[in-house]
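Visitor: No sequence on hand, only this structure:
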């Protein structure tokens, strides 16, 4: 089966791609062999990250970009990260609606991913799915994430070019910037540019960029878009091309990809160590007895952690 | 010095508390001994978490609650989490302004904390500071966090009662809820209740709660507040008392605190393992050589992670 999935991905079989992604989401033990096998065929896709507050119009923008890229004959993969609460089940619903629109276009592959597990699994899974879509032959892989939290920032750092989408309607452009997203933006998009207040949002962002102080080799351009009529989407596309050229010519692309590999190896190691610890510790008698002792203040979490570390068998980590 | 800090905390010496918090922020090796030593004197403080989107008025609400709790003679600690970008330096500024207001009140201790390190250090540091303030004799410790990302959710899970602050002005109450914050709210606060649209926000939240489906033993109340005139703050305080009573009577308090200890031990173990790995791996020749081989597709991150895991010395973890 493993071999069939690997060959399927490399031969453009959508069903096998979907299968591989499911294995990744389920943290199936087979996923590693698949990801190792396809790795030599990756590194060709350009990865575009799109983030911004809920309601900023990211999905519509992605749809507009999709159409534009498809018109140029580029094959596009979209990973929509939707850390939706179990209450609404939005990820699955959104996925179905969007899949239908592009269902007849074989050059497009869209997948929504929701929050999984507690071990930083979503960020891990997203990176893995980018690899799959890359090996699958996508020229561009778009990662779309909701929100501005740390986990979203971690995910988006994997992109070559990151768009931060703001909207005048939210009235919180400066607040969003304050929340730490300024540094990750390669391009700012002021969406819903027809709404009153767009000028103010643009000038606020511009002012924040000036305030940054230190001279930056790439000053993020601010592009206005309107996803209702598609205005500004071509300019946005051009800005992405400009950034891509800048990355290539300045040597930043190579540097950034190297950094990403470094972070990726460390992430993988940490993830393996965490999983191993969790499996051995959680629910064990030693663990529960220590929990009781901490509750009664006979010991403390630091002493307990040290004791458990002494008894964990980390040998199983090294295969 | 260590002993002086420990005694200082237990004897109510503010300077020693500040010193201990600095050691925690700097990840000083002394912090563990201090935290272990004070642990027997913790567990008395009630921990209140306050979160919500930027601009929802959390700080003003905390100030109002502070005054109310102080009128009742309760000693209060406030930890304001502000993952501000290095561009603005908001955390320090905000800290100074707020410190001044309460500077003469010895019953209040306020500390702002910004983003630190990349190893989940903020969440770790916040928990540690709660312990310090608990041992210091605070009856109530308030954790105030900006935003709705995963890291904020992780931090706020440490609280006994969590307030989620919404505001009609932001127009994104439902969106905020969608982003996964619904589950962590014990009490919803609709702040700026004088603004048109407050009714709609209240009914939207109420509807979402009904949609949840499953019968919940505690249905989060929705409290309207206005921090300009203090309207609703007493009702909010009463809601917190009600929730505290519910937690005690239902046995949820004990269960939740046990769960928190479990998570805390695991976090500590993971944190130690991660730090050790980072120190040994980052910048090493083996690591950099693997990075180059991955860039040229001679190997892949999964194989590299396995190789490094084989050569890491985890023995040093067990003291």
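Guide: Perfect, thanks for sending it. Because the structure is predicted, anything quoted here is derived from the model rather than measured.

Visitor: ok, stretch A:53-70 near chain B or not?
Guide: Yes. Contact of stretch A:53-70 with chain B (C-beta under 8 Å from any C-beta of the partner chain) involves A:53, A:54, A:55. Glycine gets a C-beta too; all of them are placed from N, C-alpha and C.

Visitor: Who wins on neighbours among these?
Guide: Of all these, the highest neighbour tally under other C-beta atoms under 10 Å in any protein chain shown goes to residue A:53, namely 28 neighbours.

Visitor: Lowest-confidence one in the residues of stretch A:53-70 next to chain B?
Guide: Minimum pLDDT across these is recorded for residue A:54, with 72.

Visitor: So for residue A:26, what pLDDT did the model give?
Guide: With respect to pLDDT, residue A:26 scores 85.

Visitor: tally of neighbours for it?
Guide: Residue A:26, neighbours per other C-beta under 10 Å, totals 12.

Visitor: Can you give me the buried ones in stretch A:253-266?
Guide: By neighbour count with 16 or more other C-beta atoms under 10 Å in any protein chain shown, stretch A:253-266 contains the buried residues A:253, A:257, A:260, A:261, A:262, A:263, A:264, A:265, A:266.

Visitor: contacting residues around that stretch?
Guide: A:43, A:127, A:157-158, A:160, A:244, A:247, B:277-278, B:281-282, B:287, B:290-291, B:294-295, B:301, B:304-305, B:308 (C-beta atoms under 8 Å, 6 or more residues apart in numbering or on different chains).

Visitor: of those, buried ones?
Guide: Neighbour-count burial (16+ other C-beta under 10 Å) is assigned, among those, to A:127, A:157-158, A:160, A:244, A:247, B:277-278, B:281, B:287, B:290-291, B:294, B:301, B:304-305, B:308.

Visitor: What ranges does chain A have for its strands?
Guide: Counting by DSSP state E, chain A has strands at residues A:46-52, A:76-81, A:108-113, A:140-146, A:161-166, A:187-190, A:222-224.

Visitor: Minimum distance to chain B: which of those has it?
Guide: The closest of the strands of chain A to chain B is strand A:140-146. By C-beta to the nearest C-beta, the value is 6.4 Å.

Visitor: does any bit of that closest one sit next to chain B?
Guide: Yes. Using C-beta under 8 Å from any C-beta, strand A:140-146 reaches chain B at residue A:146.

Visitor: what sits up against that strand?
Guide: A:45-51, A:54, A:58-59, A:62, A:65-66, A:69, A:74-83, A:126, A:130, A:133-134, A:152, A:155-156, A:158-159, B:179.

Visitor: orientation of it relative to strand A:76-81 in degrees?
Guide: 20 degrees (axes from the mean of the first three to the mean of the last three C-alpha atoms, to 10 degrees).

Visitor: relative to strand A:108-113, how tilted is strand A:140-146?
Guide: 30 degrees.

Visitor: Quick check: closest non-adjacent residue to residue A:38.
Guide: The spatially closest residue to residue A:38, leaving aside those adjacent along the chain, is residue A:135, at 3.9 Å (C-beta to C-beta, 6 or more residues apart in numbering or on different chains).

Visitor: before we move on, what about residue A:21?
Guide: residue A:129 (5.5 Å).

Visitor: Would you mind giving me the confidence score for the one you found?
Guide: pLDDT, read off for residue A:129, is 95.

Visitor: Likewise for residue A:97?
Guide: Reported pLDDT for residue A:97: 56.

Visitor: next one: residue A:155
Guide: For residue A:155, the predicted pLDDT is 78.

Visitor: which residues of chain A score low on pLDDT?
Guide: Applying pLDDT under 70 to chain A picks out residues A:82-104, A:115-120, A:147-152, A:169-182, A:212-215, A:313-319.

Visitor: the helices in it, which residues?
Guide: A:2-10, A:14-25, A:31-38, A:58-71, A:90-101, A:121-135, A:150-156, A:173-176, A:198-211, A:233-250, A:252-281, A:285-295, A:301-311 (DSSP state H).

Visitor: With respect to residue B:208, which of these lies nearest?
Guide: Minimum separation from residue B:208 across the helices of chain A (C-beta to C-beta) falls at helix A:90-101, 12.4 Å.

Visitor: if we can go back for a sec, and the furthest pair within the buried residues of stretch A:253-266?
Guide: So, the buried residues of stretch A:253-266 by C-beta to C-beta: farthest apart are A:253 and A:266, at 20.8 Å.

Visitor: Which PyMOL command selects the buried ones in the contacts of strand A:140-146?
Guide: Typed into PyMOL, the next command selects the buried ones out of the contacts of strand A:140-146 (criterion: 16+ other C-beta under 10 Å):
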select buried, (chain A and resi 45+46+47+48+49+50+51+54+58+59+62+65+66+69+75+76+77+78+79+80+81+82+83+126+130+133+134+152+155+156+158+159) or (chain B and resi 179)
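
Visitor: So residue A:31 is in contact with residue A:23, correct?
Guide: Yes. Contact criterion C-beta atoms under 8 Å: residue A:31 and residue A:23 qualify, at 4.7 Å.

Visitor: Would you mind measuring from residue A:242 to residue A:46?
Guide: As judged by C-beta to C-beta, to the nearest Å, residue A:242 and residue A:46 stand 13 Å apart.

Visitor: Ok, residue A:59 next?
Guide: Look at residue A:59 and residue A:46: by C-beta to C-beta, they are 20 Å apart.

Visitor: Could you do residue A:284 as well?
Guide: Distance from residue A:284 to residue A:46, by C-beta to C-beta: 46 Å.

Visitor: cool, residue A:277 as well?
Guide: Counting by C-beta to C-beta, the gap from residue A:277 to residue A:46 is 37 Å.

Visitor: And residue A:22, by the same measure?
Guide: To residue A:46, residue A:22 is 25 Å away according to C-beta to C-beta.

Visitor: shouldn't residue A:163 be in contact with residue A:47?
Guide: No. Residue A:163 lies out of contact with residue A:47 (C-beta under 8 Å); the separation is 11.8 Å.

Visitor: Next up, the contacts around residue A:77.
Guide: With C-beta under 8 Å, 6+ apart, residue A:77 has these contacts: A:45, A:108, A:109, A:110, A:111, A:130, A:133, A:136, A:138, A:140, A:141, A:142.

Visitor: Now residue A:132. Nearest residue, chain neighbours left out?
Guide: residue A:20 (5.2 Å).

Visitor: which residues does that neighbour contact?
Guide: Residue A:20 neighbours (C-beta under 8 Å, 6+ apart): A:5, A:8, A:9, A:31, A:34, A:132.

Visitor: how far away is the residue nearest to the spatial centre of chain A from chain B?
Guide: Closest to where the C-alpha atoms of chain A average out (C-alpha atoms, centre = their mean) is residue A:155, at 3.5 Å. The spacing between residue A:155 and chain B, counted by C-beta to the nearest C-beta, to the nearest Å, is 10 Å.
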